[in-house]
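Engineer: requesting a structural model of the entry that follows:
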Amino acid sequence: LSWHVLDNPTRVTLELGPSRATPTPAPIRAPIVRRTGPRPIVIEPGHGGDDLGAQSNNGLAEKELTLAIARRLARLLESRGHSVRLTRDGDQSRALSDRTALANRLEATVFISLHANASAYSSVSGAETYYMSLDSATDEAAAATADLENQAGADVEESSPLDLILWDLAQAEVLNESADLALAVQRRLNSRLGTRDRGVKQAPFVVLTGATMPAILVEVGFLSHPQEVERLAQPDYQQQLAEALASGIEDFVRR
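Structural biologist: The predicted model follows:
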């Protein structure tokens with residue numbers, strides 16, 4: 001660009017050269033945050049915050065019981081040399097999808113979701129272990145349990161049917177490993193606690209959807225059963241539950 005002042009009449013002339021493209025700066029890429037250290041075992045204490053979960057007649061809330069067992073389980077596993085992460089270590093609310101997403105980000109070895117059941121029939125008792133199924137539940141009772149636990153994630157945006165089908169196809173191997181993990185944990189619960197064996201089942205749990213590692217959900221007992229809820233409230237029994245769970249997890253990860 002150049003300019004000149006001319007007389008008769010007074011005027012200014014501008015000479016413009018060829019335009020030059022302004023270079024576009026390269027996009028700034030966010031650094032990729034990678035996991036450091038060993039892959040952890042992720043423990044998910046069900047419910048929390050405003051979501052109490054199931055409640056017993058004597059006031060024991062599922063969210064309190066699952067956190068108490070999860071803390072005991074974490075201490076046991078850490079004492080045996082495992083890296084452990086809880087999805088919550090207090091009375092916080094967490095979206096169900098966020099709990100699974102945390103396990104995925106940490107590249108967890110396994111994901112364990114802890115819950116306590118309830119039934120309209122006070123005679124129903126025992127522990128049962130679930131792994132994921134997208135299409136159907138093992139039986140009507142399993143479907144009802146999944147519906148009850150999924151209510152905590154009612155405000156979570158659901159994945160499209162196509163996304164779920166593609167995930168199901170991609171995770172066939174993970175689902176097989178989840179079945180093995182569920183069997184290992186259920187066997188230890190049966191042998192350690194001597195309660196009614198309700199077996200290993202499948203159901204469409206939101207909290208297990210999208211897990212990229214072996215993932216299970218454990219119902220440690222029924223808060224609606226008078227005798228069982230008394231045991232569940234006792235620290236000694238919670239410790240026995242944690243020990244059974246820890247042994248089952250180790251049976252799987254150390255195979």
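Engineer: measure P45 to R196 for me?
Structural biologist: Between P45 and R196 the computed distance is 23 Å (C-beta to C-beta, to the nearest Å). Using the backbone N, CA and C atoms, a C-beta is placed for each residue, glycine as well.
Engineer: same drill for those two, tell me which one is more crowded.
Structural biologist: Under the criterion of other C-beta atoms under 10 Å, the comparison of P45 against R196 puts P45 first, with 31 against 16.
Engineer: partners of V110 in the sheet?
Structural biologist: Counting by DSSP bridges, V110 forms beta bridges with I41.
Engineer: that one contacts I249, doesn't it?
Structural biologist: Yes - V110 is within contact range of I249, at 6.3 Å (criterion: C-beta atoms under 8 Å).
Engineer: shared neighbours, the two?
Structural biologist: 41, 181 (C-beta atoms under 8 Å, 6 or more residues apart in numbering).
Engineer: which parts of this protein are helices?
Structural biologist: With DSSP state H as the criterion, the chain has helices at 62-79, 96-105, 140-150, 161-170, 172-193, 226-232, 235-253.
Engineer: what mean pLDDT does stretch 213-229 have?
Structural biologist: Mean pLDDT, stretch 213-229: 97.
Engineer: err, stretch 38-54, not the other one
Structural biologist: The average pLDDT for stretch 38-54 rounds to 96.
Engineer: again, but for stretch 104-114
Structural biologist: Averaged over stretch 104-114, pLDDT sits at 97.
Engineer: straight-line length of that stretch, end to end?
Structural biologist: Stretch 104-114 has an end-to-end distance of 18 Å (criterion: C-alpha to C-alpha, to the nearest Å).
Engineer: please identify the buried residues of it?
Structural biologist: Neighbour counts over stretch 104-114 (16 or more other C-beta atoms under 10 Å) mark 106, 108-114 as buried.
Engineer: quick one: these as a markdown table, columns for distance to A244 too.
Structural biologist: Output for the buried residues of stretch 104-114, formatted as a markdown table (distance: C-beta to C-beta, whole Å):
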| residue | distance to A244 |
| --- | --- |
| L106 | 24 |
| A108 | 20 |
| T109 | 19 |
| V110 | 15 |
| F111 | 18 |
| I112 | 12 |
| S113 | 16 |
| L114 | 12 |
